[in-house]
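Undergrad: got a sequence here, can you model it:
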Amino acid sequence: MIRNFMNFYTEGFRNMRLGRALWKIILLKILFIFLVLKLFFFPDVLKVSYDNDLDRAEHVLRRLTQIDGTVDHTALLPTAK
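TA: Residues are numbered from 1 along each chain as shown. Predicted structure coming up:
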């Protein structure tokens, strides 16, 4: 049964012409979305704001365990020690 299923899809992909071009377009769009947009719109704020993993972990723990539900907009800034 699984062999028939796999054979169905391999033969289908082998015989298609327009589908190959469409799959290339889909893969290019996925690369664009995940690589280019991530670089420009989702910077790594923790890596920029904190020097080491311990400080990053403390910040994340502090934000996750915040009880009152208020948002501290200065929380992304490094704390002075």
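Undergrad: center of the chain, which residue is that?
TA: Nearest to the mean C-alpha position of the chain, by CA atoms, centre = their mean, lies Phe34 at 6.6 Å.
Undergrad: count the neighbours of Lys47 for me.
TA: Using other CB atoms under 10 Å, Lys47 has 10 other residues around it. Quick note: C-beta positions are derived from backbone N, CA and C, even for glycine.
Undergrad: tell me how far it lies from Asp53.
TA: Distance of Lys47 to Asp53, given as CB to CB, to the nearest Å: 10 Å.
Undergrad: which residues of the chain score low on pLDDT?
TA: Within the chain, the ranges that satisfy pLDDT under 70 run 69-81.
Undergrad: all helices of it, in order?
TA: Taking DSSP state H as the test, the helices found in the chain are 2-15, 18-31, 38-41, 45-49, 53-64.
Undergrad: what does the second one contact?
TA: Read that as helix 18-31. By CB atoms under 8 Å, 6 or more residues apart in numbering, the list of residues contacting helix 18-31 from outside reads Phe13.
Undergrad: from the chain's centroid, how far away is it?
TA: Computed by CA atoms, centre = their mean, to the nearest Å, the separation of helix 18-31 from the middle of its chain amounts to 20 Å.
Undergrad: kindly report the same for the fourth one.
TA: What separates the centre of helix 45-49 from the centre of its chain is 16 Å, taken as CA atoms, centre = their mean.
Undergrad: quick one: list the elements packing against it.
TA: Secondary-structure packing of helix 45-49 (3 or more CB pairs under 8 Å, 6 or more residues apart in numbering; DSSP states H and E): helix 53-64.
Undergrad: what residues sit buried inside the helix it packs on?
TA: By neighbour count on 16 or more other CB atoms under 10 Å, the buried set for helix 53-64 is 56, 59.
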